[in-house]
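*Asks:* From the sequence below, what's the structure:
(2 chains)
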Protein chains: 2
Amino acid sequence: MKLRLATPGPTEVPQRLLLAGAREIVHHRSAEMEQLIHEINEALPPLFGTTHPVYSIASSGTGAMESAVANCFSPGDEVLVVSNGYFGERFQAIGHRYGLVVHPVESPWGTSVEPGAVAAAYAEHPGIRGVLVVYSETSTGALNDVEAIGELFRDTEVTVVVDAISGLLVHPLPMDDWGLDVVLAASHKGFMLPPGLAFVALSDKAWQAAERGGGPAYYWSFERLRHFYPMSASSPAVSLLLGLHESLKMLAEEGMDAFRGRHALSGLAVERALTALGFTPFIRPPHRRSHVITSALAPEGVDTSRLLKTLSTRYGLTVTGGQADLKGKLIRVGHIGAVDALDLCGVVGAIELALLDHGHEFAPGTGVGQIIRTFNRQGE
Amino acid sequence: MKLRLATPGPTEVPQRLLLAGAREIVHHRSAEMEQLIHEINEALPPLFGTTHPVYSIASSGTGAMESAVANCFSPGDEVLVVSNGYFGERFQAIGHRYGLVVHPVESPWGTSVEPGAVAAAYAEHPGIRGVLVVYSETSTGALNDVEAIGELFRDTEVTVVVDAISGLLVHPLPMDDWGLDVVLAASHKGFMLPPGLAFVALSDKAWQAAERGGGPAYYWSFERLRHFYPMSASSPAVSLLLGLHESLKMLAEEGMDAFRGRHALSGLAVERALTALGFTPFIRPPHRRSHVITSALAPEGVDTSRLLKTLSTRYGLTVTGGQADLKGKLIRVGHIGAVDALDLCGVVGAIELALLDHGHEFAPGTGVGQIIRTFNRQGE
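*Replies:* Next comes the predicted model:
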């Protein structure tokens, strides 16, 4: 059975990138690696909207989140953690682990956090050192307004840390313009690569925070990353860097506007398809949806846990469901990276097949028709 | 020009493993991944000589070193750090970063540390919580007697942490038998994979140390690794796990005795070859040499920095030299992983060609002849 992924990450890796990663390993202190790293280091910053270097670390995205906490804050420092899903909660957990005084700014799962609520929390806790926020919260599909949040702290000493692990590339994130201080990303999302590589970009204000001290950090140490830059501080994940080099070429070939347009259209198409099949979009205005995934509540009588099981065992398609209270109720269809209209026909086709298997009744093609309708003439 | 590696890591990755890593990405919570992880988790512990689980982390080896320090010790804890090279110094640096009171047990670069010196330091500092030691010190090629060091602390509460990043597989390391508590390894050494995956195995005593508390740790948290085991705590480096699965098969096919025998023979062959070319082995009895690399001091008049430059630019071969004071004097020929007699003919052939380029005089074949002599009839 052919296996397919429609998850928020890891995403399907295009064959071109898989094969680039399967090239012979070059030594991390060789001239070939210097050239490779040089080209990667040139190409990454514009994607983060920054003139500062972007550091690569062999790690999953969680490590990048920890690096921000470990470097920029000290035990006892107060921070706001904007939290409207699983990854916001992870930021809180990491903050607690490092002895920070965490003030959560919480908003229900399925909503975007109001920048006004962040401003109010800041008024209440004017001594905070930082604000930690997830851009695209993939546990729900909500997007947070990090532009407005950045604006709130532009002329302050508060360090704004953005987990853009899934949001980068898919949504605009001009870090310097928006006054964001630490922007975190990872390889297995918009970069279309396997997991194992994380990215960190830092503003001058973030460096000041890091230089004031912080928790203990060696592998995550920003100072150490800077010291070894442009090369890696530790043995780099060479095969992933070879893939990244090719991924950056693919992104340049498509162009970021087209890349983002394709994701927006994918989100729209899947939302229409699921709606036509009786699902209810989970993120609704005025809340902002991420184009990384489309999340929707199942129609009455459909248990999404069973549906997802059928999708994977019978059709080889991995789709994720809801976490915590949303288990069995939510479906989260990922369409980040190298996903096109035809892939989405297959994904929605599998969902239709599985729904039919479960005795749900509708005219076959109801969902896929919306994918075709949405992409019709878009290529012209 | 064809590029080749004769370094202590990253090592050349066999095509079979490169292609395994280039397979389609499976989702980290899927049934396919469960099966893959299950097989990996079954195969790893015997290689560490333990009945305990071995945890995999997306990270380079340095991260594994940090994980041991972060979990097992608290600020103010006293530890001995056995140090006879670059990686021993790194353990000291990480210890300092975490506020430990580090008592170095130092021995010159190019020597093995005397277990007696460790015993003496323990007598002097009976309140130590741990001992940190590098098994195979690849900055010099010395092997430390971690069996004897383990024995010293067997019936104590002192946690023995072994950086076996390059030493594992190449040299015996029956962790449980030797009373070692934390054993660290990485993918890009004996496992013949690209860098990006680290391994941690823990004894009951190590768990007790971790449960007493430690520094802050989230990504490195042993507790978190155990909580999610057998699956990964964060997005795993899927492509490297696919490669690891295949690497474990290759290791089983060869058998660990044959694997170790091959490395011992490679070390002997390269040492003879370099000696015949006028080099002086750097690690000499009673000090123990690692079979990961062969290190040797250049003959009078040969600047190894220039020699290595010629090797890489003219012959595409990366060989490493000496660090710090040994720069320009030392050559370190790596032969860990999938290296065979014919590869070594090429490596020594390149060294002969480069020496001739630099005006050094000898009968061509002097070095390579020793490789052939050493492997002659070994295959029978």
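
*Asks:* Where do the strands of the stretch 201-350 of chain A begin and end?
*Replies:* Ranges of strands within the stretch 201-350 of chain A are A:280-281, A:288-289, A:293-297, A:317-321, A:330-334, based on DSSP state E, counting those that start in this stretch.

*Asks:* Please save the CA atoms from the last one in PDB.
*Replies:* These are the backbone C-alpha positions of strand A:330-334, laid out as PDB (Å, rounded to 0.1, in the frame of the first residue of the first chain):
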ATOM      1  CA  LEU A 330     -11.700  17.000  15.200                       C
ATOM      2  CA  ILE A 331      -9.900  16.300  12.000                       C
ATOM      3  CA  ARG A 332      -6.800  18.200  11.000                       C
ATOM      4  CA  VAL A 333      -5.900  17.900   7.400                       C
ATOM      5  CA  GLY A 334      -2.300  19.000   6.700                       C
END
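
*Asks:* from the middle of its chain, how far away would it be?
*Replies:* In terms of CA atoms, centre = their mean, to the nearest Å, the centre of strand A:330-334 is set 15 Å apart from its chain centre.

*Asks:* which other helices and strands contact that strand?
*Replies:* Strand A:330-334 is packed against strand A:4-6, helix A:256-276, strand A:293-297, helix A:304-315, strand A:317-321, helix A:341-357, with contacts defined by 3 or more CB pairs under 8 Å, 6 or more residues apart in numbering or on different chains; DSSP states H and E. For every residue, glycine as well, the C-beta is placed using N, CA and C.

*Asks:* And the contacts of it?
*Replies:* A:5-9, A:11, A:138, A:141, A:270, A:274, A:279, A:282, A:292-298, A:304, A:307-308, A:319-322, A:347, A:351 (CB atoms under 8 Å, 6 or more residues apart in numbering or on different chains).

*Asks:* The strands of the stretch 201-350 of chain A into JSON lines, with extra columns for mean pLDDT, distance to A:Ala210 and mean neighbour count?
*Replies:* Shown next, in JSON lines, are these (pLDDT from 0 to 100; distance: least, CB to CB, whole Å; neighbours: other CB atoms under 10 Å in any protein chain shown):
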{"stretch": "strand A:280-281", "mean pLDDT": "98", "distance to A:Ala210": "40", "mean neighbour count": "15"}
{"stretch": "strand A:288-289", "mean pLDDT": "98", "distance to A:Ala210": "31", "mean neighbour count": "19"}
{"stretch": "strand A:293-297", "mean pLDDT": "98", "distance to A:Ala210": "32", "mean neighbour count": "27"}
{"stretch": "strand A:317-321", "mean pLDDT": "94", "distance to A:Ala210": "34", "mean neighbour count": "23"}
{"stretch": "strand A:330-334", "mean pLDDT": "97", "distance to A:Ala210": "33", "mean neighbour count": "26"}
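
*Asks:* Including distance to B:Ser107, could those strands go into a markdown table?
*Replies:* Compiled in a markdown table, those are given as follows (distance: least, CB to CB, whole Å):
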| stretch | distance to B:Ser107 |
| --- | --- |
| strand A:280-281 | 66 |
| strand A:288-289 | 61 |
| strand A:293-297 | 55 |
| strand A:317-321 | 52 |
| strand A:330-334 | 53 |
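
*Asks:* Now look at stretch A:119-132 and say if it contacts chain B.
*Replies:* No. Residues of stretch A:119-132 contacting chain B under CB under 8 Å from any CB of the partner chain: none, with a closest distance of 13.1 Å.

*Asks:* Extract the C-alpha trace of that stretch and format it as PDB.
*Replies:* The C-alpha trace of stretch A:119-132 is given here as PDB (Å, rounded to 0.1, in the frame of the first residue of the first chain):
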ATOM      1  CA  ALA A 119      -1.700  44.300  26.100                       C
ATOM      2  CA  ALA A 120      -3.900  43.900  29.200                       C
ATOM      3  CA  ALA A 121      -1.600  41.200  30.600                       C
ATOM      4  CA  TYR A 122       1.300  43.500  30.000                       C
ATOM      5  CA  ALA A 123      -0.400  46.300  31.800                       C
ATOM      6  CA  GLU A 124      -0.900  43.900  34.700                       C
ATOM      7  CA  HIS A 125       2.600  42.600  34.600                       C
ATOM      8  CA  PRO A 126       4.800  45.500  33.500                       C
ATOM      9  CA  GLY A 127       8.000  43.800  34.700                       C
ATOM     10  CA  ILE A 128       7.900  41.000  32.200                       C
ATOM     11  CA  ARG A 129      11.100  40.200  30.300                       C
ATOM     12  CA  GLY A 130       9.500  38.400  27.400                       C
ATOM     13  CA  VAL A 131       6.500  37.200  25.500                       C
ATOM     14  CA  LEU A 132       6.300  33.800  24.000                       C
END
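
*Asks:* so for that stretch, what's the average pLDDT?
*Replies:* For stretch A:119-132, mean pLDDT rounds to 98.

*Asks:* quick one: buried residues of it?
*Replies:* Buried residues in stretch A:119-132, counted by 16 or more other CB atoms under 10 Å in any protein chain shown: A:Ala119, A:Ala121, A:Tyr122, A:Ile128, A:Arg129, A:Gly130, A:Val131, A:Leu132.

*Asks:* Determine which two of the residues you listed are furthest apart.
*Replies:* A:Ala119 and A:Arg129 (16.8 Å; CB to CB).

*Asks:* near chain B, which residues of the stretch 51-200 of chain A show up?
*Replies:* A:58-63, A:66, A:69-70, A:93-94, A:97-99, A:186, A:188, A:194-197.

*Asks:* make that the stretch 251-380 of chain A, sorry
*Replies:* Within the stretch 251-380 of chain A, the positions adjacent to chain B are A:Ser312, A:Thr313, A:Thr318, A:Thr320 by CB under 8 Å from any CB.

*Asks:* how about a cut-off of 6 Å?
*Replies:* A:Thr318 (CB under 6 Å from any CB of the partner chain).

*Asks:* Might you name the residue of the stretch 251-380 of chain A sitting closest to chain B?
*Replies:* Closest contact between the stretch 251-380 of chain A and chain B, by CB to the nearest CB, is at A:Thr318 (4.3 Å).

*Asks:* OK, contacts around the spatially closest residue to that residue that is not a sequence neighbour?
*Replies:* Leaving aside its sequence neighbours, A:Thr318 sits nearest to B:His27 (CB to CB, 6 or more residues apart in numbering or on different chains; 4.3 Å). Residues near B:His27 by CB atoms under 6 Å, 6 or more residues apart in numbering or on different chains: A:Leu5, A:Thr7, A:Thr318.

*Asks:* these two touch, right, the second one and A:Thr320?
*Replies:* What it means is A:Thr7. Yes. A:Thr7 is in contact with A:Thr320 according to CB atoms under 6 Å; the separation is 5.2 Å.

*Asks:* So what's the residue count around A:Arg4?
*Replies:* 20 (other CB atoms under 10 Å in any protein chain shown).

*Asks:* Helices along the stretch 51-200 of chain A, start to end?
*Replies:* Counting by DSSP state H, counting those that start in this stretch, the stretch 51-200 of chain A has helices at residues A:61-72, A:86-97, A:115-124, A:146-152, A:175-178.

*Asks:* possible to save the ones you listed as JSON lines with distance to A:His263?
*Replies:* Below are those laid out as JSON lines (distance: least, CB to CB, whole Å):
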{"stretch": "helix A:61-72", "distance to A:His263": "18"}
{"stretch": "helix A:86-97", "distance to A:His263": "19"}
{"stretch": "helix A:115-124", "distance to A:His263": "23"}
{"stretch": "helix A:146-152", "distance to A:His263": "17"}
{"stretch": "helix A:175-178", "distance to A:His263": "19"}
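
*Asks:* Just say which of those is most tucked in.
*Replies:* helix A:61-72 (a mean of 28; mean count of other CB atoms under 10 Å in any protein chain shown).

*Asks:* Who are the packing partners of that helix?
*Replies:* helix A:86-97, strand A:159-163, strand A:182-186, strand A:197-202, helix A:204-211 (3 or more CB pairs under 6 Å, 6 or more residues apart in numbering or on different chains; DSSP states H and E).

*Asks:* can I get these in TSV with mean pLDDT?
*Replies:* Shown next, in TSV, are the helices and strands packed on helix A:61-72 (pLDDT from 0 to 100):
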stretch	mean pLDDT
helix A:86-97	97
strand A:159-163	98
strand A:182-186	98
strand A:197-202	98
helix A:204-211	97
